[in-house]
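J.: the sequence isn't on hand, but the structure is:
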């Protein structure tokens, strides 16, 4: 207990420096928490299991598959292929909603067909109202939480004079329906001026497994057309959908490790200055019987505690901010959970430990007779 009070008193001795170290660590660890949250969100998307019996037909030529646009009239021709059990068109886009400057993810579907191919749960409202009324929409649970959208709300879309009533709220983990406004397909096509085109067709086969022969048949059917197709399993489609972000995530993770390195160097510099300023004091402590181990423990504990306070502040602020104001784009959501916060706080303590090793070693090696003669 006496040791703890001594450590806290030493931290408070130079308040300006201690506050700057804590704030610097907090800023760095806030950034690290956010980047780890982004990475966790993308890993969650990549790790979600797609339906092994589902296939996706999209535009072949698009480098960015989200921008795929396939003529809707392809559907009637594809349905004639044997072994295809069910099929539905899906249109993905972004639209401005109300006065928000951040566009929301929008999905256009055929309400009567989608439930046989996409699993979701109606948690509030009446899906049947949406199915029979083109002026009603469905909101995903995550989007509703982040934008405070309730069943019965009217959603104004600046691209149109129309207002859409929220008929139901759904939960669809692993699907972009969970973070989107879902419209009748024809309405979304009109809103974004897509014409009679869709992002992709989702289909399932009779025998419940992906068939490369069916995929080749579909692609060969449209090989000579202006819009050629690429048919893959839904799992491959999801992997391709997130592959564009993998390089970005590598850069972001590199930035987070750079932030950690800079924080370690900053902590080491602050502790080294502190040790130099207290050289005479450390010499007196050693002359009074303080062992090298105790002196080392004193310096290390001060550094770890200071970094811990900064890390706790930064990680807690990131958790609070992104919990109160969730970031959701399409099926992605920034994923910061208590376990991640605890991990970042542990990293902050490790930063303090690494930053203190050299200064603590220097303090332990001071000779009492020489140290007490130094005037600081």
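T.: Thanks, I have it. Here the structure is a predicted model, which means the values were calculated and not measured.
J.: so residue 225, which of the three states?
T.: coil (DSSP: H, G, I helix; E, B strand; the rest coil).
J.: what about it, how many residues nearby?
T.: 10 (other CB atoms under 10 Å). Where C-beta positions appear, they are placed from N, C-alpha and C, glycine not excepted.
J.: what do you get for residue 361?
T.: Quick note: residue 361 (other CB under 10 Å) scores 13 neighbours.
J.: what sits against it?
T.: residue 296 (CB atoms under 8 Å, 6 or more residues apart in numbering).
J.: in the host helix or strand of it, what's buried?
T.: In the assignment (DSSP states H and E), residue 361 maps to helix 338-365. Residues 340-341, 344-345, 347-348, 350-356, 359-360, 362-364 are the ones in helix 338-365 that count as buried (16 or more other CB atoms under 10 Å).
J.: all strands of this structure, in order?
T.: Listed from the start of the chain, the chain has strands (DSSP state E) covering 54-59, 70-71, 84-95, 104-109, 121-125, 136-140, 154-156, 163-171, 180-184, 197-198, 200-205, 229-233, 328-329, 332-333.
J.: out of those, nearest to residue 254?
T.: Closest of these to residue 254 is strand 332-333, at 20.2 Å (criterion: CB to CB).
J.: let me know the average pLDDT across the closest one.
T.: For strand 332-333, mean pLDDT is 64.
J.: same question, stretch 121-130
T.: pLDDT averaged over stretch 121-130 gives 93.
J.: list the buried residues of that stretch.
T.: By 16+ other CB under 10 Å, the buried positions in stretch 121-130 come out as 122, 124, 125, 127, 130.
J.: then stretch 191-200?
T.: Across stretch 191-200, burial judged by 16+ other CB under 10 Å covers 191, 192, 194, 197, 198, 199, 200.
J.: for that stretch, which outside residues touch it?
T.: Counting by CB under 8 Å, 6+ apart, 56-58, 66, 68-73, 89-93, 95, 106, 108, 157, 159-160, 183, 185, 188-189, 237 sit against stretch 191-200.
J.: hmm, 7 Å instead?
T.: 56-58, 68-73, 89-93, 95, 157, 159-160, 189 (CB atoms under 7 Å, 6 or more residues apart in numbering).
J.: now do stretch 254-274
T.: For stretch 254-274, the surrounding residues in contact (CB under 7 Å, 6+ apart) are 17, 21, 24-25, 28, 31-32, 35-36, 299, 303, 307, 347, 351-352, 354-356, 358-359.
J.: residue 310 and residue 16: what is the separation?
T.: Going from residue 310 to residue 16 by CB to CB, to the nearest Å gives 15 Å.
J.: same thing with residue 68?
T.: On the measure of CB to CB, residue 68 and residue 16 end up 57 Å apart.
J.: and for residue 130?
T.: 59 Å.
J.: please enumerate the helices of the chain.
T.: With DSSP state H as the criterion, the chain has helices at 2-13, 15-47, 74-78, 111-114, 127-132, 141-147, 185-191, 212-221, 234-243, 246-277, 279-287, 292-324, 338-365, 368-371.
J.: distance to residue 228 added to those, as TSV?
T.: Below are the helices of the chain laid out as TSV (distance: least, CB to CB, whole Å):
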stretch	distance to residue 228
helix 2-13	66
helix 15-47	27
helix 74-78	11
helix 111-114	24
helix 127-132	33
helix 141-147	33
helix 185-191	21
helix 212-221	7
helix 234-243	16
helix 246-277	26
helix 279-287	75
helix 292-324	41
helix 338-365	43
helix 368-371	79
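J.: which one of these lies nearest to residue 172?
T.: Nearest to residue 172, of the helices of the chain and by CB to CB, is helix 141-147 at 7.7 Å.
J.: by contact count, what packs against that closest one?
T.: strand 163-171, strand 328-329 (3 or more CB pairs under 7 Å, 6 or more residues apart in numbering; DSSP states H and E).
J.: and of those, who's closest to residue 253?
T.: Among those, strand 328-329 sits nearest to residue 253 (CB to CB), with 19.0 Å.
J.: what about the stretch 251-376 of the chain, any weak spots by pLDDT?
T.: Within the stretch 251-376 of the chain, the ranges that satisfy pLDDT under 70 run 277, 326-333, 366, 368-376.
J.: of all the helices of the chain, which one is nearest residue 167?
T.: helix 127-132 (3.9 Å).
J.: pull up the gap between the residue nearest to residue 29 when sequence neighbours are not counted and residue 300, please.
T.: What sits nearest to residue 29 in space, not counting adjacent residues and going by CB to CB, 6 or more residues apart in numbering, is residue 314, at 3.6 Å. To residue 300, residue 314 is 21 Å away according to CB to CB.
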